[in-house]
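Novice: Sequence first, then the predicted structure:
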Amino acid sequence: CGYMARVSVVLDPIFKRVGLSGKSVIRQLSERATEMKKELGEENVTFLNENAANDASVCTTIITNLVNKKVDLILANATAALTAAVNGTAKIPILGTSITEYGTALGLDNFNGTVGGNVSGTSDLAPLTEQAQMILDLFPEAKTVALLYASGEANSRYQVKVVGEYLQSKGITVLDRAFTDSNDATVVAAAAAEAADVIYVPTDNTAAGCAQAINGVIGDTPLIAGEEGICAGCGVATLTISYYDLGVATGKMAAKILKGEANISEMPVEYAANFTKKYNPVKCAELGIDTAALEAAGYVAIEMPEAD
C-alpha cells in the first residue's frame, strides 16, 4: 500500500465482555489483525494495542495519545472506547466493534445504519425478540421475568426495552432490575432471583465483568443471557453471534479503508449474519436441565473456560 499503516486497537474498560477468561476478546483481536495483514501485507501494518484496564477515563487519555501519534486508524472495542475515540478525533477513521446499537451508543437520532463522518464498524447485536422467545420456549411455565442490567449502559437499556416489550405482549410480567455498578450487581441479582421465575441479562459490559459473582447469588433461578461470555459465567442458554466472525468482518472493513477502497463516511455498520443457540453445560447440570433435549433443539454446548 506504499506506506506503513499504524492501527491502534483500544479495548473497553471491561476486558471480559465476550469471555470469562478474555480468550474470546483476544481471538477477535487476533482475527482482525490476521485479516488486515492478509489484505495489506504483514510488512505494511503495525498494531498498537491499548487496554483501558477497567477505567473508562483512561480511554480518553489513550485516544489523546493516539491522535498525537497520528495513527492511521483506530479500532475501538465496545462502547466506552468508541465514545472516547469519537470525542477525541473527527479525522482519523474509527471502526467500532462489539457495539450493540450505534444509534444508542452515540446518541444519534434517526440512525439509519450509517454513522457517517469518520466512524463505522461492526455490531454484536443479536435478534432480541428471538432471545425473548427463547425464554418462553425453554421455560413455558414462567410468569415473571426480571431484566437485570447496568443502568448506566445505554445499549443495555435499549436491549431490555425491546425484550421487555416482547415479553409483555405475550402476557409475561416484566420486572425492571437495574444495578448501578458491579458493587451492587449481586444485591440486585439476588433480589431479582427471589422475585422472578427467569432472569434475562442483555449484552452488558458490567454484567460480563461480574458474571461469576451473579451466578453465586441467583441460586436455582435460570438466567438467559444476551451473549456467550455472560452465559458461560451465570446463564443457562443464549442466542449469540460469533465473535470470531465479527473480528474477521472488522478486519476486512479496516483493510478497505487503509487501501483506499472505501470511504468510511459511506460505510454502513455491518451486522452478524449468523447466530447460534448455545447452552452452559455446567449450569444446566446444576439445574437439572435436559441437555439432550437442548441439543435436539439445535443448541450447542459452550466450551467452558478451564478452572484456575
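Specialist: Looks like it arrived, so ask away. Numbering: from 1, shown residues only.
Novice: Let me know how buried the closest residue in space to Ser120 that isn't next to it in sequence is, in neighbour terms.
Specialist: Using C-beta to C-beta, 6 or more residues apart in numbering and skipping residues adjacent in sequence, the residue nearest Ser120 is Met267, 4.1 Å away. For the C-beta atoms, the positions are set from N, CA and C on the backbone; glycine is no exception. If you count neighbours by other C-beta atoms under 10 Å, Met267 ends up with 19.
Novice: ok, the most centrally placed residue in the chain to Pro140 distance?
Specialist: By C-alpha atoms, centre = their mean, the chain has its centre lying nearest to Ser98, at 4.6 Å. Using C-beta to C-beta, to the nearest Å, we find Ser98 at a distance of 32 Å from Pro140.
Novice: hmm, back to that, which residue packs closest to the residue nearest to the centre of the chain, ignoring adjacent ones?
Specialist: Closest to Ser98 by C-beta to C-beta, 6+ apart is Ala78, at 4.5 Å.
Novice: same question, Asn110
Specialist: Using C-beta to C-beta, 6+ apart, the nearest residue to Asn110 is Gly103, at 7.9 Å.
Novice: Was I right to think the one you found contacts Thr114?
Specialist: No. Using C-beta atoms under 8 Å, Gly103 is not in contact with Thr114, being 10.6 Å away.
Novice: Show the pLDDT at the nearest residue in space to Val188 that is not next to it in sequence.
Specialist: Nearest residue to Val188, sequence neighbours excluded (C-beta to C-beta, 6+ apart): Phe179, at 4.0 Å. Looking at Phe179, its pLDDT stands at 97.
Novice: distance of Phe179 from Val119?
Specialist: Phe179 is 30 Å from Val119, by C-beta to C-beta.
Novice: How about Glu261?
Specialist: As judged by C-beta to C-beta, Glu261 and Val119 stand 18 Å apart.
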